[in-house]
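Trainee: This is a predicted model, with the sequence first.
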Amino acid sequence: MEGLIAHQKRLKELYRKMRFLQESFNFQNPTPFLEELVSIAEELREELELHFRVLREGLEPIPATHRLIKENLLVKEILERMLGRIIEKGSQNSPDAFLELEEFGEIFKAYLKKERGLLRQQIEEVTTPAQRAEIEERVWSLISPFLEG
């Protein structure tokens, strides 16, 4: 799962950019802020798609992990819907996009924390050391081409 933890840095970086826009928001000239928010949200949605695809493909060959895959794909769906609302509101030039970002941030941060702790523990409970090594190798091979330097 180290590959996914490494990819979290990219996800967090994009989220921090969105938060910076929120903190710097100018009600007198909202359009550039909202346009940039939409752009970053679209990029984050693509990165989340990659992240969860790697998770799914990394675990899928091991039947004991299928329940974990389903649980995590539900979170993916929630995050994607929330990003969709941010993109929709931002595209409509509505500052409400930043309110949507607040809600997104809570679930997003909780999920990343879960992935670093509880998910690892859950995987350990249902797999053997050999299966975990296989998962780790598969995840790295899938995510490493997308990791920066």
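Mentor: Good, I have the coordinates.

Trainee: switch to C-alpha atoms for all contacts and neighbour counts from now on
Mentor: Noted.

Trainee: Work out for me the element the spatially closest residue to residue 69 that is not a sequence neighbour sits within.
Mentor: Nearest residue to residue 69 in three dimensions, chain neighbours excluded: residue 56, at 5.9 Å (C-alpha to C-alpha, 6 or more residues apart in numbering). Secondary-structure assignment from DSSP states H and E places residue 56 in helix 30-59.

Trainee: I'd like the average pLDDT over that helix.
Mentor: In this model, helix 30-59 has an average pLDDT of 96.

Trainee: Equivalent analysis for stretch 135-147, please.
Mentor: Mean pLDDT, stretch 135-147: 93.

Trainee: and the angle for the helix or strand containing residue 81 with helix 30-59?
Mentor: Using DSSP H and E, residue 81 sits within helix 66-91. For helix 66-91 against helix 30-59, the angle by axes from the mean of the first three to the mean of the last three C-alpha atoms, to 10 degrees is 170 degrees.

Trainee: How far off centre is helix 66-91?
Mentor: 9 Å (C-alpha atoms, centre = their mean, to the nearest Å).

Trainee: Output the contacting helices and strands for it.
Mentor: Counting by 3 or more C-alpha pairs under 8 Å, 6 or more residues apart in numbering; DSSP states H and E, the packing neighbours recorded for helix 66-91 are helix 30-59, helix 96-116, helix 118-126.

Trainee: Tell me which of the ones you listed sits most buried.
Mentor: Stretch with highest mean neighbour count among these: helix 30-59 (a mean of 19; mean count of other C-alpha atoms under 10 Å).

Trainee: what's the angle from that one to helix 118-126?
Mentor: Interaxial angle, helix 30-59 versus helix 118-126 (the same axes, to 10 degrees): 10 degrees.

Trainee: one step back: list the buried residues in the helix holding residue 81.
Mentor: The neighbour-count check on helix 66-91 (16 or more other C-alpha atoms under 10 Å) flags 68-69, 72-73, 76, 79-80, 82-87, 89-91 as buried.
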